[in-house]
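**Student:** My questions are about this predicted structure, shown below with the sequence.
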Amino acid sequence: MSSQAAGNLTIYYSQKKRKTEDFRGPDFFVVLDTERKVRKSWVVWEEDGKYPHVILEILSESTANTDRELKKKLYQDTFRTPDYFWFDPYTLEFAGFHLVDGKYQPLEPNEQGHLWSRQLELYLGIHEGLLRFFTSSDELVPTPEEIAEYERQQKEVAQERAEKLAAKLRELNIDPDTI
């Protein structure tokens with residue numbers, strides 16, 4: 001089993017197992033210990049009754065009050081989602097909550113202002129205006145794009161070294177292609 005992470009996917013949670021009622025579309029959520037597969041929606045009654053373990057809402061002027069009040073209550077009382085976060089990319093408002101005895105308690109930031117997700121075992125924090133993940137030792141977790149760029153740079157460095165070494169060997173009258 002692995003985790004399923006999704007963005008802008010509808011969660012259907014009707015007690016009557018109807019997709020015409022009781023649904024929400026969090027901006028981002030993670031369900032732990034589930035099969036990783038492509039889904040068009042998350043249907044709780046088809047997923048062994050599992051709700052998200054982590055939800056993140058991106059605040060905007062039109063959604064902020066709903067995210068702070070209605071959705072917070074829904075995620076606390078109905079979903080019982082252990083970790084709930086919200087982030088406003090314009091004002092950089094950032095808050096997180098952990099479910100304790102059925103009620104959300106605000107998370108206390110560390111020295112860097114990052115909030116710990118017990119479910120993900122990662123910090124969430126703002127880095128260069130973006131919400132990012134950090135390790136337990138507070139190191140930035142690179143995005144797939146950053147990893148690809150780093151690997152590209154490493155290949156370039158290795159290529160430059162190989163070319164310098166080949167040039168040096170030629171200076172010493174050694175053909176690098178015969179070694």
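**Tutor:** Happy to help now that I have it. Residues are numbered from 1 along each chain as shown.

**Student:** how near is T78 to L70?
**Tutor:** Remark: distance between T78 and L70 (C-beta to C-beta, to the nearest Å) = 11 Å. Every C-beta, even on glycine, is put in place using the N, C-alpha and C of the backbone.

**Student:** brain fart, L124
**Tutor:** 22 Å.

**Student:** sec struct for the residue with the largest distance to the centre of the chain, please.
**Tutor:** With C-alpha atoms, centre = their mean as the measure, the chain has its most outlying C-alpha, relative to the mean C-alpha position, at N173: 54.7 Å. When the structure is reduced to helix, strand and coil (DSSP: H, G, I helix; E, B strand; the rest coil), N173 reads as coil.

**Student:** helices and strands around the helix or strand where V31 lies, which ones?
**Tutor:** According to DSSP states H and E, V31 maps onto strand 28-34. Contacts of strand 28-34 with other secondary structure elements, assessed using 3 or more C-beta pairs under 8 Å, 6 or more residues apart in numbering; DSSP states H and E, are made with strand 2-7, strand 54-58.

**Student:** what about it, distance to the chain center?
**Tutor:** Remark: strand 28-34 is offset 10 Å from the chain centroid, using C-alpha atoms, centre = their mean, to the nearest Å.

**Student:** mind listing what's buried in the helix or strand following that strand?
**Tutor:** Sequence-wise, the next helix or strand beyond strand 28-34 is strand 41-43, with elements assigned using DSSP H and E. Of the residues in strand 41-43, those with enough neighbours to count as buried (16 or more other C-beta atoms under 10 Å) are W42, V43.

**Student:** and F134, bridged to which residues?
**Tutor:** With DSSP bridges applied, the residues forming beta bridges to F134 are Y123, L140.

**Student:** and N110, what is it in contact with?
**Tutor:** By C-beta atoms under 8 Å, 6 or more residues apart in numbering, the contact list for N110 reads W116, Y123, D138.

**Student:** What of H98?
**Tutor:** Contacts here follow C-beta under 8 Å, 6+ apart; on that basis H98 touches P82, D83, Y104, Q105, L107, R118.

**Student:** Just flag the most distant two among those.
**Tutor:** Maximum pairwise distance in the contacts of H98, criterion C-beta to C-beta, is 13.1 Å, between Y104 and R118.

**Student:** before we move on, the earlier item: grab the CA positions of the strand holding V31 and hand them over as PDB.
**Tutor:** The C-alpha trace of strand 28-34 is given here as PDB (Å, rounded to 0.1, in the frame of the first residue of the first chain):
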ATOM      1  CA  PHE A  28      -5.000  19.200  -2.300                       C
ATOM      2  CA  PHE A  29      -5.300  16.100  -0.200                       C
ATOM      3  CA  VAL A  30      -3.400  12.900   0.800                       C
ATOM      4  CA  VAL A  31      -4.900   9.500   1.700                       C
ATOM      5  CA  LEU A  32      -2.300   7.200   3.400                       C
ATOM      6  CA  ASP A  33      -2.200   3.400   3.000                       C
ATOM      7  CA  THR A  34      -4.300   3.100  -0.100                       C
END
